[in-house]
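Trainee: Turn this into a structure:
(chains A, B, C and D)
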2 protein chains.
Amino acid sequence: MSKLSYLVQKATNETLDIIVNNYPGTKLLPNDLSLSKSLGVSRTTVRNVLDQLQSVDIIEKAGTAKKILRKPRKTDYFDLRNEPSSKEELIETFFLDLINTGKLLPGDMFSELDLAKRSGCNTITVREFLIKFSRIGLIKKNPRAQWQMVEFDEKFARELVDFRRILEMSSLSKLLEKTDDDPVWDELQQLLTDHRELLRNPERFQDLPHLDRRLHLAIQSSADNRFIRQFFDIVSFVCHYHYQWQKGDEQERNMVAVEEHIDLITKLLAKDIRGSIMSLENHLNTSRKTLMRSAHGLLE
Amino acid sequence: MSKLSYLVQKATNETLDIIVNNYPGTKLLPNDLSLSKSLGVSRTTVRNVLDQLQSVDIIEKAGTAKKILRKPRKTDYFDLRNEPSSKEELIETFFLDLINTGKLLPGDMFSELDLAKRSGCNTITVREFLIKFSRIGLIKKNPRAQWQMVEFDEKFARELVDFRRILEMSSLSKLLEKTDDDPVWDELQQLLTDHRELLRNPERFQDLPHLDRRLHLAIQSSADNRFIRQFFDIVSFVCHYHYQWQKGDEQERNMVAVEEHIDLITKLLAKDIRGSIMSLENHLNTSRKTLMRSAHGLLE
DNA sequence: TGATAGTATATTATATATAATGTACAATAC
DNA sequence: GTATTGTACATTATATATAATATACTATCA
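Mentor: Residues are numbered from 1 along each chain as shown, chains lettered A, B, ... in the order given. As a prediction, this is how the structure comes out:
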């Protein structure tokens, strides 16, 4: 039996769920079109799913109707936990792992062919992923030449943090105009709790990047602007890529960051405009220093 | 004879130039490596060029050296004016023409296959171009579905102009800190002259988009920030795409724009901070209105 | 021995083919 | 007549193959 595609397997699992949820309420499956809509795939795929279900005797096509013969068992489901949903996801996971574990450093060259061989994709898939990823600004390429991680120097760090400052300062004022019933205040309150929790359990400091992202996301999403949002994604990705070369004083720096976060959140909740601006300014300065140190760490 | 690639033809032309410039000063061509460096191509390509030149008896390989036999004539050059340098350029030109002439409107769907057929490329080239172009934010796609021009509504226009305002206001203050010997002041002076020229020759109003781009570029490049620069490209592209649906009152609106530009440049040159900010604010408001009208023009 | 040319290999650019999936239309059932 | 299914075709996703180009290695010459 030739293996079914990921999409058909996934849709099959979801159809089994539908059968389970309605069993034994009904003995008939909905028509193709409504299944297609609820599964979010085309009718062709739905029909492949139905063929599959018929082949394992869960349903039976009786003329026009599709009769449910038996209740699905756990073993009827496909195990998709370790299946990449597509070749694109495969190369994405592979490549992001390379850069997040420091195997690709600024200035390094790499080839599409090599990535394809090592990730199990073909060069087309790799190249298309790289083109998409280059939007982030971490990689670049010249025609007929290999790809390269962009050089990381003080100028890069300065421009990145400057840009972040411009966007976040602007979002900050939008945030402080939000009415009291806006969900952002609940999120900030929750963030405050989570940060204090972190202070009491220093062994959980690996959660800090996640909290940092949530805080900056809360600030920037106040602008409700797709362009700002787009750049938030880029900046936060690039920052976290570069933070990985921190020297040995993480513990101390993490402590400082948490305190800066708490200071900023407190002032935001108090709607202290001037205080918030100063606190954010201060926090971004620290961030710039960390990036700089990271840049130097690389050079040594 | 099989046709030579664009790259080899171009490199051949440049090599002919080198021969002309040194003829009859020398009777020998430089070695492969230095030719490779001055042409910016690999040695393989250089050697293809040399084979070509030998086949038309312009040079002769005498052992290790390459003797120049005769002075090149105009007819020795390849005519590359109508040749696309690559398939990628082909699809780029084709696609940008489609959207700049209003054949693809917001909300329209289009397929890779169709573009490939009509542009003379294959689907891979088309798709890779579209992935790259999607960075601009004008097109989007869902997996296994066609591409679509993003919808253009008031929200989009507002977010675009808001974003532009944030970046340009920030750049403005950087600009006003520049010392008197910075080249930006000469460029602004030149822009002032060009705008006044335009006022006297209203028939040349088609130059306005170009002047508009130069002005905003001058402002934004003051920030000397790659991220701002990146977004300048996006914003100016998107604006000009959307301006094409202006209704019949272009003449009047153009006049207003020129006057706003002149006002802004004058205040910049006078280093009038408060005045510059107000003038830019005013100009961006007009820009937003134009975009809005354009959005409505589409809906009618 | 170092610079250069010749040659082999690696890599990107491009084309073509096939499988998977989506969409449109005709056929059929109710 | 409308809704649904069956079927054909269109399109995207992916793989493979070839041409063009870049790079690495080896041989040769001064």
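Trainee: Spell out which residues of chain A are next to DNA strand C.
Mentor: A:2, A:4-8, A:41-45, A:48, A:63-64, A:111-114, A:123-124, A:127, A:143-147 (Cβ under 7 Å from any atom of the strand). Quick note: C-beta positions are derived from backbone N, CA and C, even for glycine.
Trainee: Which of these fall within helices?
Mentor: If you go by DSSP state H, these have A:6-8, A:43-45, A:48, A:112-114, A:123-124, A:127 in helices.
Trainee: Tell me where chain A has strands.
Mentor: A:59-62, A:65-68, A:109-110, A:139-141, A:147-149 (DSSP state E).
Trainee: who wins for proximity to A:Ser236 among these?
Mentor: strand A:139-141 (17.1 Å; Cβ to Cβ).
Trainee: list the helices and strands that closest one packs on?
Mentor: Where contact means 3 or more Cβ pairs under 8 Å, 6 or more residues apart in numbering or on different chains; DSSP states H and E, strand A:139-141 is packed against helix A:123-133, strand A:147-149.
Trainee: just to revisit the earlier point, list buried residues within the ones in helices among the residues of chain A next to DNA strand C.
Mentor: Among these, those classed as buried by 16 or more other Cβ atoms under 10 Å in any protein chain shown are A:Leu7, A:Val8, A:Thr45, A:Asn48, A:Glu112, A:Arg127.
Trainee: Enumerate every residue touching the fourth one.
Mentor: Neighbouring residues of A:Asn48 by Cβ atoms under 8 Å, 6 or more residues apart in numbering or on different chains: A:Leu4, A:Val8, A:Ala11.
Trainee: The second one too?
Mentor: Taking Cβ under 8 Å, 6+ apart as the criterion, A:Val8 is in contact with A:Thr45, A:Asn48, A:Val49, A:Gln52.
Trainee: And it, how close does it get to B:Ala116?
Mentor: According to Cβ to Cβ, to the nearest Å, A:Val8 and B:Ala116 sit 27 Å apart.
Trainee: Right, and DNA strand C sits closest to which residue of the stretch 151-300 of chain A?
Mentor: Per Cβ to the nearest atom of the strand, A:Glu151 is where the stretch 151-300 of chain A lies closest to DNA strand C, at 18.4 Å.
Trainee: Might one say that that residue is in contact with A:Gly107?
Mentor: Yes: in this structure A:Glu151 lies within contact range of A:Gly107 using Cβ atoms under 8 Å: 5.3 Å.
Trainee: so how far is DNA strand D from A:Leu35?
Mentor: 8 Å (Cβ to the nearest atom of the strand, to the nearest Å).
Trainee: hang on, the earlier thing: cross-check the ones in helices among the residues of chain A next to DNA strand C against DNA strand D and keep the overlap.
Mentor: A:Arg43, A:Thr44, A:Thr123, A:Ile124.
Trainee: I figured the third one hits A:Ala116, correct?
Mentor: I take that to be A:Thr123. Yes: using Cβ under 8 Å, A:Thr123 makes contact with A:Ala116 at a distance of 4.6 Å.
Trainee: ok, A:Trp245 - how many residues close by?
Mentor: 19 (other Cβ atoms under 10 Å in any protein chain shown).
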